[in-house]
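> This is a predicted model, with the sequence first.
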Amino acid sequence: MSRIGKKPVPILSGVLVTINGHSVSMKGAKGSIARDFTPDVKIARENDLLICTVPENSSKVVRSKFGLVRSLLANMMTGVTRGYTRQLEIVGLGYKAKVDGPKVVFTVGYSHSVAFESPKGVSVKIEGVNKIVVSGIDKEKVGQVAADIRAIKPPEHYNAGKGIRYVGEKVRIKEGKKLAA
């Protein structure tokens with residue numbers, strides 16, 4: 001059995017949890033989120049705890065989803081109370097981003113500007129000229145939007161690390177070809 005799956009998820013104050021079969025919805029200070037889970041893992045509420053259980057003689061596939069369901073419930077609980085953020089930075093001379101209505105426009109060394117529109121439930125803010133903050137209540141969506149923004153111009157290993165990277169990401173700068181003397 002999964003050690004993570006056995007741990008109960010505490011229901012924080014101010015969060016309304018509704019369990020309807022294998023569907024769970026949570027509503028908190030930051031917003032509401034709902035998710036359907038596999039019917040193999042039973043989710044029950046006991047006092048101020050959410051408890052996941054699987055049958056004793058379940059298959060390996062079902063047992064592998066046990067810890068996943070518990071982690072997703074904990075991520076939902078954190079999302080509706082505190083939310084999630086990912087920070088990115090733009091490195092490079094003349095590289096910048098600006099908000100243009102619902103879109104973010106990146107100027108990152110291409111012959112054209114790249115427009116990016118974030119999905120519903122995820123907000124993208126620009127701090128200064130070179131810092132991007134992605135925030136929302138769904139950890140999966142926030143991470144995917146941050147990865148999509150980074151994919152617009154990933155850091156270049158041969159060109160002083162220019163591009164879009166996560167804050168604190170180490171980019172290994174490689175040495176280019178040597179010229180014959």
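Right, received. Where do you want to start?

> Endpoints of stretch 23-35, how far apart?
6 Å (Cα to Cα, to the nearest Å).

> Could I get the buried residue list for that stretch?
Within stretch 23-35, the residues that qualify as buried are 24-26, 28, 30, 33, 35, counting by 16 or more other Cβ atoms under 10 Å. Using the backbone N, CA and C atoms, a C-beta is placed for each residue, glycine as well.

> before we move on, what about stretch 48-58?
Within stretch 48-58, the residues that qualify as buried are 50-52, 54, 58, counting by 16+ other Cβ under 10 Å.

> Identify the residues contacting the most centrally placed residue in the chain.
For the chain, the residue sitting closest to the mean C-alpha position, by Cα atoms, centre = their mean, is Gly143 at 2.5 Å. Residues counted as contacts of Gly143 (Cβ atoms under 8 Å, 6 or more residues apart in numbering) are 84, 86.

> Quickly find the element holding it.
The secondary structure element spanning Gly143 is helix 139-152 (assigned by DSSP states H and E).

> Next secondary structure element downstream of that helix?
Beyond helix 139-152 in the direction of the C-terminus, DSSP H and E gives the next helix or strand as strand 163-166.

> which other helices and strands contact that next one?
In this structure, strand 163-166 makes packing contacts with strand 84-91, helix 139-152, judged by 3 or more Cβ pairs under 8 Å, 6 or more residues apart in numbering; DSSP states H and E.

> Okay, buried residues for the worst-scoring helix or strand of the chain on mean pLDDT please.
Sorted by mean pLDDT, DSSP states H and E, the helices and strands of the chain end with helix 3-6, the least confident at a mean of 84. Of the residues in helix 3-6, those scored as buried under the neighbour-count criterion (16+ other Cβ under 10 Å) are Gly5.

> So in this structure, which helix runs the longest?
Of all the elements of type helix in the chain, the one with the most residues (DSSP state H) is helix 60-81.

> So which elements touch that one?
With contacts defined as 3+ Cβ pairs under 8 Å, 6+ apart, the secondary structure elements packing on helix 60-81 are helix 3-6, strand 9-10, strand 23-27, strand 32-36, strand 49-53, helix 139-152.

> Tell me which of those sits nearest to Leu179.
Leu179 lies closest to helix 139-152 among these, at 31.8 Å (Cβ to Cβ).

> what are the phi and psi values for the closest residue to Tyr95 other than its chain neighbours?
Nearest-residue entry for Tyr95: Val108, 4.8 Å, with adjacent residues in sequence omitted and distances by Cβ to Cβ, 6 or more residues apart in numbering. Main-chain dihedrals, Val108, degrees, to the nearest 10: phi -130, psi 50.

> Tell me how this structure divides into domains.
The chain resolves into domains spanning 3-81, 84-166 when parsed by automatic domain parsing.
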